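Trainee: pasting the sequence and the predicted model now:
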Amino acid sequence: MLKREYLDNNFLYWYIYTNMNSEITYYHKALIKNKYILELKIRHFKKPPKRFPESIKYNLIFKEVKTGKQILFDNHLPKGHHYHINNLEFSYEFKDESKLIADFKKLVEEYFGVIL
């Protein structure tokens, strides 16, 4: 088992590196139909790190406030590109930003019946 100090330092390194070497290129947060929260955050790295060879880090979230049901697309180590439908997790084949957003919108429409 890893010591807490190691985990804290590892997280701190990741946080500093991610924030210092990347730029938020898109951010949007909205309350939809007074029922859902939509939050989209996309970062691009100035110099692609080994952890993010596509030079992109993203979190796309659509969540029903009352029930907590959600669709979440994200990428991070050690999992890489993947998405969640509530507590289920699925791998995701990332191609580009446009396809990522289209796939997210499609899943939100299929699961929640909401067109973004």
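Mentor: Structure received.

Trainee: all helices of the chain, in order?
Mentor: Secondary structure of the chain (DSSP state H): helices located at 4-20, 97-112.

Trainee: tell me which residues touch the nearest residue to I101 once chain neighbours are set aside, please.
Mentor: Distances taken as CB to CB, 6 or more residues apart in numbering place L60 nearest to I101, at 7.4 Å, with adjacent residues excluded. C-beta: built from backbone N, CA, C; applies to glycine. For L60, the contact set (CB atoms under 8 Å, 6 or more residues apart in numbering) comprises 39-41, 71-74, 100-101, 104.

Trainee: compute the distance between L60 and K106, please.
Mentor: 12 Å (CB to CB, to the nearest Å).

Trainee: again, but for K47
Mentor: 32 Å.

Trainee: could you do G113 as well?
Mentor: 12 Å.

Trainee: more crowded one of those two?
Mentor: K106 (11 against 7; other CB atoms under 10 Å).

Trainee: mean pLDDT per helix and strand in this structure: which one sits at the bottom?
Mentor: Scoring the helices and strands of the chain by mean pLDDT, DSSP states H and E places helix 4-20 at the bottom, with a mean of 55.

Trainee: how many residues are close by S91?
Mentor: Look at S91: counted by other CB under 10 Å, it has 10 neighbours.

Trainee: distance-wise, check the residue nearest in space to the middle of the chain relative to Y83.
Mentor: Centroid-nearest residue in the chain, with CA atoms, centre = their mean: N59, separated by 1.8 Å. Using CB to CB, one obtains 11 Å as the distance from N59 to Y83.

Trainee: low-confidence ranges in this protein?
Mentor: 1-20 (pLDDT under 70).

Trainee: go with 50
Mentor: Residues of the chain that meet the criterion pLDDT under 50 lie in 1-4, 6-7.

Trainee: I figured F45 was touching I56, is that so?
Mentor: Yes - contact criterion CB atoms under 8 Å: F45 and I56 qualify, at 7.4 Å.
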